[in-house]
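Engineer: My questions are about this predicted structure, shown below with the sequence.
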Amino acid sequence: MVTKTSASAKAQAERTARRQQRLQDQQAAKDASASSKKQRTSTAPGPGRKLPSTPMPEQTLEKPGLEYRMEVRPYFQAPHYQGSGKLKGMTALITGGDSGIGRAVAVLFAREGANVAISYLNEEKDAKETCKHLRAEGAKCLAIAGDVRDPKFCEMLVAQTVKKFGRLNILVNNAAFQEHAETLESLSDARLDETFKTNIYGYFHMARAALPHLQRGDCIINTGSVTGLRGSTYLMDYAATKGAIHAFTKSLASNLIERGIRVNAVAPGPVWTPLNPADKTEDDVANFGADTDMGRPAQPEEISPAYVFLASPVCSSYITGVILPITGNAGD
């Protein structure tokens, strides 16, 4: 039903409609002009220096992915980050600490006063370089090769860490396997086993091995992913494990709260590490991170301070069960 309106009201409505149309046309013209001038560049210059932006090098790596073979090496040293003794006297154990996020976290933990043990699969040259940087920070370093899918290795890794340093205060579960699949039908049972046993079983194995040595005020930090928050078209198994890691983090945090042990997770978006060139095609690698609001992938040194924050009791003693997204997007 349409009711009649007065002539003056109708005239007013028409004027408003025309004004709105003019505003629409004016904005469209401005947007078109801005779009023609706009060049897609990094909107985040990085912590005190310019960081690489897309397109990245068109390079693929054989698994497990060796950082020293990357054409553009990840930025992990965080030269503008000043340590202040937040982890002085502590011992940290980081799985997958030879490269990528794990290496960057190890460097900052050392800069904050911790001694650091790392595990790695077989990337010995990368692991040696990580230890070199840790020693340069004044820390002691232990590097052990092995497979976190094996609970006996996880128990040995923890035992060797405690034997060398006398204690264990911080466990960082970070080791991961990632491989894309175009369809669910192409995702084999062997692939499922590899992804789940590395990414989530390994976290359970490590946490279980570490817990007898952790005291009140100590912590576990898990590496999750933006894929665990919103899924991933071609990383179905990987995303599922990351979602499981987030649920494990919250559940274990609740389980351990009476023991005074905090459990949190960091959920990064795209980060420039060997993991992705060892999975994606050359074209995909070149555009890696371009679809974020930042317009580029993160560098490991932009992620690692979050681990320091969650590890340090002076920063996060009242924080547990948190999934901290660092995704390069305003809406995550």
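Structural biologist: Here it is on my side, so go on.

Engineer: how about low-confidence regions in the stretch 151-300 of the chain?
Structural biologist: Along the stretch 151-300 of the chain, segments meeting pLDDT under 70 span 274-290.

Engineer: quick one: the helices in it?
Structural biologist: With DSSP state H, counting those that start in this stretch, the ranges of helices along the stretch 151-300 of the chain come out as 151-165, 189-196, 202-210, 227-230, 236-256, 282-286, 300-311.

Engineer: so which of those helices comes closest to Gly89?
Structural biologist: helix 151-165 (10.1 Å; CB to CB). Quick note: C-beta positions are derived from backbone N, CA and C, even for glycine.

Engineer: what angle separates the closest one from helix 202-210?
Structural biologist: 50 degrees (axes from the mean of the first three to the mean of the last three CA atoms, to 10 degrees).

Engineer: Now do helix 151-165: distance to the chain's middle.
Structural biologist: Here the centre of helix 151-165 is set off from its chain's centre by 25 Å, with CA atoms, centre = their mean, to the nearest Å.

Engineer: Quick check: which helices or strands does that helix pack against?
Structural biologist: Counting contacts by 3 or more CB pairs under 8 Å, 6 or more residues apart in numbering; DSSP states H and E, the secondary-structure elements packed against helix 151-165 are strand 91-95, strand 115-120, strand 141-145, helix 202-210.

Engineer: Export that helix to PDB, keeping only CA atoms.
Structural biologist: Once non-C-alpha atoms are left out, helix 151-165 reads as follows in PDB (Å, rounded to 0.1, in the frame of the first residue of the first chain):
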ATOM      1  CA  PRO A 151      57.000 -39.800  22.000                       C
ATOM      2  CA  LYS A 152      60.300 -41.500  23.000                       C
ATOM      3  CA  PHE A 153      62.300 -38.800  21.100                       C
ATOM      4  CA  CYS A 154      60.200 -36.100  22.900                       C
ATOM      5  CA  GLU A 155      61.000 -37.600  26.200                       C
ATOM      6  CA  MET A 156      64.700 -37.800  25.300                       C
ATOM      7  CA  LEU A 157      64.700 -34.200  24.100                       C
ATOM      8  CA  VAL A 158      63.200 -32.900  27.400                       C
ATOM      9  CA  ALA A 159      65.600 -35.100  29.400                       C
ATOM     10  CA  GLN A 160      68.700 -33.800  27.500                       C
ATOM     11  CA  THR A 161      67.500 -30.200  28.000                       C
ATOM     12  CA  VAL A 162      67.100 -30.600  31.700                       C
ATOM     13  CA  LYS A 163      70.400 -32.500  32.000                       C
ATOM     14  CA  LYS A 164      72.300 -29.700  30.200                       C
ATOM     15  CA  PHE A 165      70.600 -26.600  31.800                       C
END
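
Engineer: Report the buried residues of it.
Structural biologist: Neighbour-count burial for helix 151-165, with 16 or more other CB atoms under 10 Å as criterion, is recorded at 153-155, 157-158, 161-162, 165.

Engineer: before we move on, the earlier item: which one of the helices of the stretch 151-300 of the chain lies closest to Ala110?
Structural biologist: Taking CB to CB as the criterion, Ala110 comes closest to helix 300-311 out of the helices of the stretch 151-300 of the chain, the separation being 10.7 Å.

Engineer: Centre of the chain to the closest one, how far?
Structural biologist: Centroid displacement of helix 300-311 relative to its chain, using CA atoms, centre = their mean, is 9 Å.

Engineer: what do you get for stretch 179-192?
Structural biologist: Relative to its parent chain, stretch 179-192 has a centroid offset of 23 Å by CA atoms, centre = their mean.

Engineer: Can you get me the start-to-end distance on it?
Structural biologist: Stretch 179-192 has an end-to-end distance of 10 Å (CA to CA, to the nearest Å).

Engineer: Kindly report the same for stretch 225-240.
Structural biologist: For stretch 225-240, the first and last residues are 10 Å from each other (CA to CA).

Engineer: Roughly how far does the residue nearest the centre of the chain sit from Ser119?
Structural biologist: Computing the C-alpha centroid of the chain and ranking residues by CA atoms, centre = their mean puts Pro268 first, at 3.0 Å. Pro268 sits at a distance of 20 Å from Ser119 (criterion: CB to CB, to the nearest Å).

Engineer: go on, Thr249?
Structural biologist: Computed as CB to CB, the Thr249 to Ser119 distance reads 20 Å.

Engineer: Please compute how far stretch 112-120 lies from its chain's middle.
Structural biologist: Taking CA atoms, centre = their mean, one finds the center of stretch 112-120 at 18 Å from the center of the full chain.

Engineer: er, stretch 128-147 I mean
Structural biologist: Per CA atoms, centre = their mean, the displacement of stretch 128-147 from the mean C-alpha position of its chain is 21 Å.
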